[in-house]
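In: here are the coordinates; sequence isn't available:
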């Protein structure tokens, strides 16, 4: 399997343009209020939604970074990587002990998916201190007998606190492009005292 690469004087300019486009396009798209769900093999970063039962609380906001592969034809692959400004959605209030799920709009099961929680943010809006991994289960979402996504189910136990949450998922491409594909999404809830 070949990976696309540019060389020569013009290649450097093309590569710089591709890198800028790979960063700018997701940043602009990430500013949109809602993100279209992505399904397996469509070569887009999947969307996520934080839910409590059947109720949608907030769409996941892409944060930190993502890297996604897609076939470019002729046995070559293209990797699109982006770095995002870290921000958190508006807060939702839930009861302490609530079971929540980060719904992942991708039929392919993640190789790994973790949820980490921070208590607060620094003055730049970045998570402050160390994130605490939350225990989670991964449950298949089936409609009409077909897998349409996955729910990372977890609980927010402590009363009267903010949970700045970040979910991080990893997948291997099934269409022959080697390498880890990954993305992170943020959510924000507070628990009632």
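Out: Received, thanks. Please read these numbers as outputs of a predicted model, since none were measured by experiment.
In: how many neighbours does residue 173 have?
Out: 20 (other Cβ atoms under 10 Å). C-beta here means a position set from N, CA and C on the backbone, and glycine is covered the same way.
In: Ok, the one 5 residues further on next?
Out: By the measure other Cβ under 10 Å, the count of residues near residue 178 is 11.
In: looking at it, it is touching residue 75, isn't it?
Out: No: checked against Cβ atoms under 8 Å, the pair residue 178 and residue 75 is beyond contact range at 11.8 Å.
In: now the strands for this structure?
Out: Applying DSSP state E to the chain gives strands spanning 2-3, 48-52, 55-59, 61-73, 76-83, 92-94, 98-104, 112-118, 132-134, 137-143, 146-156, 162-172, 180-191.
In: Save these as CSV, and put in mean pLDDT and distance to residue 126 too.
Out: Below are those laid out as CSV (pLDDT from 0 to 100; distance: least, Cβ to Cβ, whole Å):
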stretch, mean pLDDT, distance to residue 126
strand 2-3, 42, 32
strand 48-52, 97, 20
strand 55-59, 96, 19
strand 61-73, 92, 10
strand 76-83, 92, 13
strand 92-94, 96, 21
strand 98-104, 97, 20
strand 112-118, 97, 9
strand 132-134, 97, 16
strand 137-143, 96, 27
strand 146-156, 97, 21
strand 162-172, 96, 10
strand 180-191, 96, 11
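In: Could you export those strands as JSON lines, including distance to residue 124?
Out: Listed next are the strands of the chain as JSON lines, based on distance: least, Cβ to Cβ, whole Å:
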{"stretch": "strand 2-3", "distance to residue 124": "35"}
{"stretch": "strand 48-52", "distance to residue 124": "23"}
{"stretch": "strand 55-59", "distance to residue 124": "22"}
{"stretch": "strand 61-73", "distance to residue 124": "13"}
{"stretch": "strand 76-83", "distance to residue 124": "15"}
{"stretch": "strand 92-94", "distance to residue 124": "23"}
{"stretch": "strand 98-104", "distance to residue 124": "24"}
{"stretch": "strand 112-118", "distance to residue 124": "13"}
{"stretch": "strand 132-134", "distance to residue 124": "20"}
{"stretch": "strand 137-143", "distance to residue 124": "32"}
{"stretch": "strand 146-156", "distance to residue 124": "24"}
{"stretch": "strand 162-172", "distance to residue 124": "13"}
{"stretch": "strand 180-191", "distance to residue 124": "14"}
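In: Mean neighbour count added to those, as a markdown table?
Out: Formatted as a markdown table, the strands of the chain follow (neighbours: other Cβ atoms under 10 Å):
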| stretch | mean neighbour count |
| --- | --- |
| strand 2-3 | 12 |
| strand 48-52 | 22 |
| strand 55-59 | 15 |
| strand 61-73 | 18 |
| strand 76-83 | 17 |
| strand 92-94 | 15 |
| strand 98-104 | 22 |
| strand 112-118 | 19 |
| strand 132-134 | 13 |
| strand 137-143 | 12 |
| strand 146-156 | 18 |
| strand 162-172 | 21 |
| strand 180-191 | 21 |
